[in-house]
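Asker: This is a predicted model, with the sequence first.
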Protein chains: 2
Amino acid sequence: MSSHTKHRKERVGTVDYDTQIREVRCQLVDQLKVLDLQLEQKTQQLQDMTDYLRRRGEIENEYARSLERLAERFTLKIKRKDPGNHSVSQVWVALLSQTRQESRDHCRLGESCSNLLVQPIIHCLEYTQRLAKKSKDLCSQLQDGLLKVTTELQTAWRTYFQYHSEFVCAEGKLREAEKQEEKQKQSNSKKLERLIEKKQIKVQEIQLKCSKARNDYLLNLAAANSSMNKYFLQDISTLIDCADVGYHLTLGRVMQAYLSRRVVAQQKVSTGLEQIQEAVSELDQGRDRDVLLQEHYSTFSMPLRFPYQPHEGDRISEVSIESETRCEMETRFKQIQTRMKAVTQESEEAHTSMSAARSSLLEGISDDDLESNSGSSPPQEGSNENLSLRSNGTRRRANLQEIENLYFTRVKEFLVGSSLESKLQAKHDLLKEAVEKEASNERKPR
Amino acid sequence: MSSHTKHRKERVGTVDYDTQIREVRCQLVDQLKVLDLQLEQKTQQLQDMTDYLRRRGEIENEYARSLERLAERFTLKIKRKDPGNHSVSQVWVALLSQTRQESRDHCRLGESCSNLLVQPIIHCLEYTQRLAKKSKDLCSQLQDGLLKVTTELQTAWRTYFQYHSEFVCAEGKLREAEKQEEKQKQSNSKKLERLIEKKQIKVQEIQLKCSKARNDYLLNLAAANSSMNKYFLQDISTLIDCADVGYHLTLGRVMQAYLSRRVVAQQKVSTGLEQIQEAVSELDQGRDRDVLLQEHYSTFSMPLRFPYQPHEGDRISEVSIESETRCEMETRFKQIQTRMKAVTQESEEAHTSMSAARSSLLEGISDDDLESNSGSSPPQEGSNENLSLRSNGTRRRANLQEIENLYFTRVKEFLVGSSLESKLQAKHDLLKEAVEKEASNERKPR
């Protein structure tokens, strides 16, 4: 039990009951005011909660509508023309689909906030008013009972005071009479004796009455203190509890429902993000290129080989070496061989250079800063930093174009070189075959 | 390698080179168109992505601003008056603080979308144009090279055709001359012999030329086919790859950055929701009541006990039993004892009834449906259901008021009963003490 139940520091000296009861009355009146204040606060809290949920509902709905419109705008485009099976399109589709899912989730949350979650709070507002009123009425009744007990205490105390005064007075008179009797021992003692006897009876009578009154006072005093104890230590708490019935329960339930909706939405977002992540990790330039080639099959498919078309009656379909051309052919073969060796080496080198250029191009492209570190630097420095970053960016982009040019120079070198190589290779192979055949023919006796 | 590289089904019969080369030319022109188309698609994709991110940034910023305003509205209220240490206020504070956190997270996401994430895509748009142009130029150059090879093939083929025709013609003439020689064996054979000899030399000459031309044609044919192979099987892929450099990389990086921001925000939301959850699970009606009592300490603290105030000179401060009142007091004690037993039992019963009434009140209060099951029922039925739910709701609320009344009747019974009990108990205890003292005095010899 909290410290409010401790007795207030005993004041020096005693206070009469009137003053004490007047103070209690003030406390009791204040208590009713606090009950009113508490109702006001709870009403405000519930009203705030309702406002929050309603406004939050609107905000969620607006957000959901915006996301919906955003997703719809691009989805229509996709529908107009099939995005195909490109991995980039798959990422895009996943992003839009997650956006739509998010829109639906926020829409659902918005609906919940605006309707389902607000209802119990509105009900709570209603019964909280009723319970508070009932609780306050009951509090007043108990206070009346308490005040009645204190009135009884005062009455009993006054009665006791009166009887005891009378007793003191009667006893005083008896003592007076007894003193007088002693002084006037001689004369008319008979009369005095009777008087004293009468007074003694009266004193006894009053003493009995006084004793009864004191007992009554003591019992009422105990009852009053016990009632005060009970009211302050138990009843007030019980009454506040009665007024609070359902308040915590309802707020707890509504918050719990809000939280569980949020948690479900969170899980859906996580799933959606994972799906995007999956699509992103499947981004594949090579696959997309093959898909493109496949999509334009007739444009990119290998045409027919050029066939050998001999002139009518010509039965020779191979490179032929006559004795007259043998020397010339062998020379030509050797020249091609030499040239090919050089060209092959060149195009290998070109390939290496091309790869290197490609790497540095990719590096240059990845140079865009995607980490926001603006938060870690003070804003004033930040603006300078931004400026220098921007000029860095311009320099970087100029630099990038140089790298691009270099890259394409290398690509051209490689492609032209390797094309030459493939032509030479084809000629070389044919000549080699012919030369070797000729050589073997020569070894055979003709 | 994908199936586009397979040779097209060999057509029946041979096609002359002109037709075949004309078809290849068409393919080559189409390829350049596809490259343009691909650039267009990539540009569109990047443009869409930029639009998405920019608009998403705006949406996130709007949402963040709305949440910020929502939180601010109630936070100002809290600042105006301290919410105190009530558990309900703690939930409220947690909810507002999570709302602010969410606002900041969405603001940050919005900023990222609008600036940091869009930048690389804008750069990508720029270099994608440049790379595509370069790639297309290079493609044209390679195509020119390819066409040159086919022209060489045609030239070589024509030369071979010409020489072979000449050879056939010369050989024909030689055969003619030889036939003639046989017919005219007798006359001027010398002249004819010389003519034949001349023709033979010419045939040999032409045959050699023809052989050279055929060899040249065969070599050019091989070179042309090899060039075609290389161009269609490798170069085109390489050129598309060159045009695509950085496209997948950049989209991947941007998406990855977007995802990582979302994941971080998700974690923050989870943490925030956990904090609300914690506050909700600490909702405590009893503690809030004690806090209220503590906050209004002077109003709810126990006043001083009413002291015993004896009349001047009265030294008795206990219930006293005289011989004259003994019988009366004992009777009174027994009456109180009997009454107390009854009252105690009554208030115990009242307490049980009160608890039961409280339980059914809480049950009635928890009757609000917080589960949205509208999704599982078709809309038409749903509206009927809503109607019946609403009338159910009205009935339930009327019912709830009855339960409230019953509850407060029970509370009143309990509080009034237990107050009476506590008064009786106090009196009973005093009387018991006095009666027992009197009894023990009696046993002692006076």
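Answerer: Sure, I can see it.

Asker: A:Trp157 and A:Asp216 touch, don't they?
Answerer: No: the pair A:Trp157 and A:Asp216 fails to qualify as a contact (C-beta atoms under 8 Å) at a distance of 9.4 Å. Heads up, the C-betas are built off the backbone N, CA and C, glycines and all.

Asker: Give me the more crowded residue out of those two.
Answerer: Comparing A:Trp157 with A:Asp216 by other C-beta atoms under 10 Å in any protein chain shown, the one with more neighbours is A:Trp157, at 24 against 18.

Asker: Give me the nearest residue to that one, chain neighbours excluded.
Answerer: For A:Trp157, ignoring the flanking residues on the chain, the nearest one in space by C-beta to C-beta, 6 or more residues apart in numbering or on different chains is A:Tyr217 at 5.2 Å.

Asker: For that neighbour, give me the pLDDT.
Answerer: pLDDT recorded at A:Tyr217 is 94.

Asker: Quick check: which element contains it?
Answerer: Element membership of A:Tyr217, judged by DSSP states H and E, is helix A:189-230.

Asker: after that helix, next one along is what?
Answerer: According to DSSP H and E, the helix or strand after helix A:189-230 is helix A:236-244.

Asker: immediately after the one helix or strand A:Thr271 maps to, which helix or strand?
Answerer: A:Thr271 is part of helix A:247-281, with elements assigned from DSSP H and E. The first helix or strand that comes after helix A:247-281 along the chain, using DSSP H and E, is helix A:285-295.

Asker: what helices or strands is that following helix leaning on?
Answerer: helix A:87-114, helix B:236-244, helix B:247-281 (3 or more C-beta pairs under 8 Å, 6 or more residues apart in numbering or on different chains; DSSP states H and E).

Asker: residue contacts, A:Tyr160?
Answerer: A:Tyr160 makes contact with A:Cys210, A:Ala213, A:Arg214, A:Asp216, A:Tyr217, B:His311, according to C-beta atoms under 8 Å, 6 or more residues apart in numbering or on different chains.

Asker: For chain A, which element, helix or strand, carries the lowest mean pLDDT?
Answerer: helix A:379-443 (a mean of 80; mean pLDDT, DSSP states H and E).

Asker: tilt between it and helix B:189-230?
Answerer: 150 degrees (axes from the mean of the first three to the mean of the last three C-alpha atoms, to 10 degrees).

Asker: which other helices and strands contact helix A:379-443?
Answerer: Using 3+ C-beta pairs under 8 Å, 6+ apart: helix A:379-443 touches helix A:326-365, helix B:118-183, helix B:189-230, helix B:236-244.

Asker: for the record, mean pLDDT for the first one?
Answerer: Yep, that's helix A:326-365 we're talking about. Mean predicted lDDT for helix A:326-365 stands at 91.

Asker: and it, what other elements does it pack with?
Answerer: helix A:379-443, helix B:118-183, helix B:247-281.

Asker: same thing but at 7 Å, please
Answerer: Helix A:326-365 sits against helix A:379-443, helix B:247-281, with contacts defined as 3 or more C-beta pairs under 7 Å, 6 or more residues apart in numbering or on different chains; DSSP states H and E.

Asker: ditto for the shortest one
Answerer: With contacts defined as 3+ C-beta pairs under 7 Å, 6+ apart, the packing partners of helix B:236-244 are helix A:285-295, helix B:118-183.

Asker: and those helices as a markdown table, adding distance to B:His248?
Answerer: Compiled in a markdown table, the helices and strands packed on helix B:236-244 are given as follows (distance: least, C-beta to C-beta, whole Å):
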| stretch | distance to B:His248 |
| --- | --- |
| helix A:285-295 | 4 |
| helix B:118-183 | 10 |
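
Asker: Of all those, which one is nearest B:Arg305?
Answerer: B:Arg305 lies closest to helix B:118-183 among the helices and strands packed on helix B:236-244, at 77.3 Å (C-beta to C-beta).

Asker: Can you name the residues of the stretch 51-200 of chain A that neighbour chain B?
Answerer: Contact residues, the stretch 51-200 of chain A versus chain B (C-beta under 7 Å from any C-beta of the partner chain): A:52, A:55-56, A:59, A:63, A:66-67, A:70, A:74, A:88, A:91-92, A:112, A:116, A:119-120, A:123, A:127, A:130-131, A:134, A:138, A:142, A:145, A:149, A:153, A:157, A:160-161, A:164-165, A:168.

Asker: Distance to B:Ile316 added to the helices and strands packed on helix A:379-443, as a markdown table?
Answerer: Below are the helices and strands packed on helix A:379-443 laid out as a markdown table (distance: least, C-beta to C-beta, whole Å):
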| stretch | distance to B:Ile316 |
| --- | --- |
| helix A:326-365 | 106 |
| helix B:118-183 | 97 |
| helix B:189-230 | 130 |
| helix B:236-244 | 112 |
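
Asker: so which of those helices is the most packed in?
Answerer: Ranked by mean neighbour count under mean count of other C-beta atoms under 10 Å in any protein chain shown, the helices and strands packed on helix A:379-443 are led by helix B:236-244, which reaches a mean of 22.

Asker: contacts for that one?
Answerer: For helix B:236-244, contacts defined as C-beta atoms under 7 Å, 6 or more residues apart in numbering or on different chains pick out A:285, A:289, A:292, A:300, A:411, A:415, B:31, B:35, B:131-132, B:135, B:138-139.

Asker: Just give me the closest of those to A:Gln337.
Answerer: A:Leu415 (22.8 Å).

Asker: doesn't B:Asp235 make contact with that closest one?
Answerer: Yes: using C-beta atoms under 7 Å, A:Leu415 is in contact with B:Asp235, at 5.7 Å.

Asker: overlap in contacts of the two?
Answerer: What both A:Leu415 and B:Asp235 touch, as defined by C-beta under 7 Å, 6+ apart, is the set B:Leu142.

Asker: Low-confidence stretches in the stretch 101-250 of chain A?
Answerer: Low-confidence segments of the stretch 101-250 of chain A, defined by pLDDT under 70: A:185-189.

Asker: how about a cut-off of 80?
Answerer: A:181-192 (pLDDT under 80).

Asker: Which pLDDT value belongs to the residue nearest the centre of chain A?
Answerer: What sits nearest the mean C-alpha location of chain A, by C-alpha atoms, centre = their mean, is A:Arg262, with 7.9 Å. A:Arg262 is assigned a pLDDT of 95 by the prediction.

Asker: Spit out the contact partners of it.
Answerer: Here A:Arg262 is in contact with B:Leu273 (C-beta under 7 Å, 6+ apart).

Asker: I figured A:Ala156 hits A:Leu218, correct?
Answerer: No: here A:Ala156 does not reach A:Leu218: they are 8.5 Å apart, not a contact under C-beta under 7 Å.

Asker: Just give the number of residues close to the nearest residue to A:Gly272 once chain neighbours are set aside.
Answerer: Leaving aside its sequence neighbours, A:Gly272 sits nearest to A:Gln98 (C-beta to C-beta, 6+ apart; 3.6 Å). Residues lying near A:Gln98 (other C-beta under 10 Å) number 22.
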